[in-house]
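Colleague: model this:
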Amino acid sequence: MLDSMGFVIFLVAVALVFDFINGFHDSANSISTVVSTRVLSPKYAVLWAAFFNFAAVFFVGTSVAYTVGKGIIHLDSVDNLLILSALCGAIIWNLTTWYYGLPSSSSHALIGGLIGAGIAKAGTNTLVWSGIVKTSIFIIVSPAIGMVLGFGFMVLSLNLNRYSNMARSDKLYRKLQLVSAAVYSLGHGMNDAQKTMGIIAMALFSKGLLGDTFHIPLWVVIACYTVISMGTMFGGWRIVKTMGTKITKLQPIGGFSAETAAACSIIGASIAGIPVSTTHTITGAIVGVGATHRLNAVRWGVAGNIVWAWVLTIPIAALISALIYRALKYFIG
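Modeller: Alright, predicted model coming up:
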């Protein structure tokens, strides 16, 4: 059964379920700032974000997908059971953190799932350490860059508007925030949709369906961008509240600065082929914006809980996927 074409189709379907949950879970990243500043209602915010999630298909290649597909575990260790276990581990962690309103990383949940299932099957020798180290470094670097850029953009915006009155400034940045939210959603689509592309291509390549050369078929690209956009439209409202109101209080000028900072970081990483966490980046940017007022404007207790979720994502997703792999291996034999 595990070697049948039907099971490969099933794996593609499960991967697209993960892609949908990724969009659903990370919807807060794209819309929390624009909703909390009341520039858009939640209904229109998710439609705006979903449209630009899909539009990213026209702006970037598939370098992140190659990193996920070839740069975490060696392809000669991949089989259907490993991919299924990795996806299930990532999905379980995503839904758990969504339930508790924690903005964890779907990207790192997937990478943790691959690591756990890979080790369960073939030990640590199957891991591609260069790709894992690069991804792990950006667990720290991406929120740090987001925070520095968020602080910088906020300071710049405040200085540019120091002679403007509050009403005129607010009106301007409400319009600009529509642009920054759109660009951020482009970045989110660019990076996150590609991770599922890498998984699907991995499944197809392992069964010889891509020939001798690993590549990302066009239908996989279109399918992943479409499904993640659909997930975004449904929105993970529990996380929207955490991101938009619990870390710091945002005004349109702050929302614009945070989104612009995060978008610059994510788009840069996508071009470089680095699978970063859009969640980490936008959270860091929001903290940076809040810190421009005063340090106690940031609710550091909430930020600390979020950081713990980041730290635990890869090891817990890895543990879950490893247990699933062992269980499936035992029952299926």
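
Colleague: quick one: secondary structure of Pro275?
Modeller: coil (DSSP: H, G, I helix; E, B strand; the rest coil).

Colleague: spit out the contact partners of it.
Modeller: Contact partners of Pro275, counting by Cβ atoms under 8 Å, 6 or more residues apart in numbering, are 64, 67-68, 107, 111, 135, 138, 191, 194-195, 269. All C-beta spots, glycine's among them, are computed from the backbone N, C-alpha and C.

Colleague: which of those residues sits closest to Leu156?
Modeller: Relative to Leu156, the closest of those is Ala269; by Cβ to Cβ it sits at 21.9 Å.

Colleague: and for the closest one, nearest residue in space, chain neighbours not counted?
Modeller: Val276 (4.3 Å; Cβ to Cβ, 6 or more residues apart in numbering).

Colleague: repeat for Gly254
Modeller: Nearest to Gly254 is Val289, by Cβ to Cβ, 6+ apart, at 4.5 Å.

Colleague: and for the residue nearest to Ala269, the neighbour number?
Modeller: When counting by other Cβ atoms under 10 Å, one arrives at 28 neighbours for Val276.

Colleague: I figured it hits Ser107, correct?
Modeller: Yes. Between Val276 and Ser107 there is a contact under Cβ atoms under 8 Å: 6.9 Å.

Colleague: overlap in contacts of those two?
Modeller: Asn191.

Colleague: do you know how far the residue nearest to Ala269 is from Ser104?
Modeller: Going from Val276 to Ser104 by Cβ to Cβ, to the nearest Å gives 14 Å.

Colleague: again with Ser277
Modeller: 8 Å.

Colleague: quick check: neighbours shared by those two?
Modeller: Contacts common to Ser277 and Ser104, judged by Cβ under 8 Å, 6+ apart, are Trp310.

Colleague: mind checking which of the two has more residues around it?
Modeller: Shown here are Ser277 and Ser104; by other Cβ under 10 Å, Ser277 has more neighbours (31 against 28).

Colleague: ok, now which ones touch the residue lying closest to the more buried one once chain neighbours are set aside?
Modeller: Computed as Cβ to Cβ, 6+ apart, the closest residue to Ser277 that is not its neighbour in sequence is Ser105, at 3.5 Å. For Ser105, the contact set (Cβ under 8 Å, 6+ apart) comprises 139, 277-280, 310, 313.

Colleague: and Ser105, what pLDDT?
Modeller: As predicted, Ser105 sits at a pLDDT of 78.

Colleague: got it, and Leu218?
Modeller: 93.

Colleague: one more: Asn161?
Modeller: Asn161 is given a pLDDT of 84.

Colleague: any figure for the gap between it and Asp79?
Modeller: Distance from Asn161 to Asp79, by Cβ to Cβ: 57 Å.

Colleague: for the closest residue to Pro252 other than its chain neighbours, what are its contacts?
Modeller: Nearest residue to Pro252, sequence neighbours excluded (Cβ to Cβ, 6+ apart): Tyr173, at 3.8 Å. Going by Cβ under 8 Å, 6+ apart, Tyr173 touches 157, 251-253, 255-256.

Colleague: of those, closest to Pro42?
Modeller: Gly255 (14.4 Å).

Colleague: does that closest one really touch Leu176, like I thought?
Modeller: No. Counting by Cβ under 8 Å, Gly255 does not reach Leu176; the two are 9.2 Å apart.

Colleague: buried members of the contacts of Tyr173 into PyMOL, please.
Modeller: Selection command for PyMOL covering only the buried members of the contacts of Tyr173, criterion 16 or more other Cβ atoms under 10 Å:
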select buried, resi 157+251+252+253+255+256
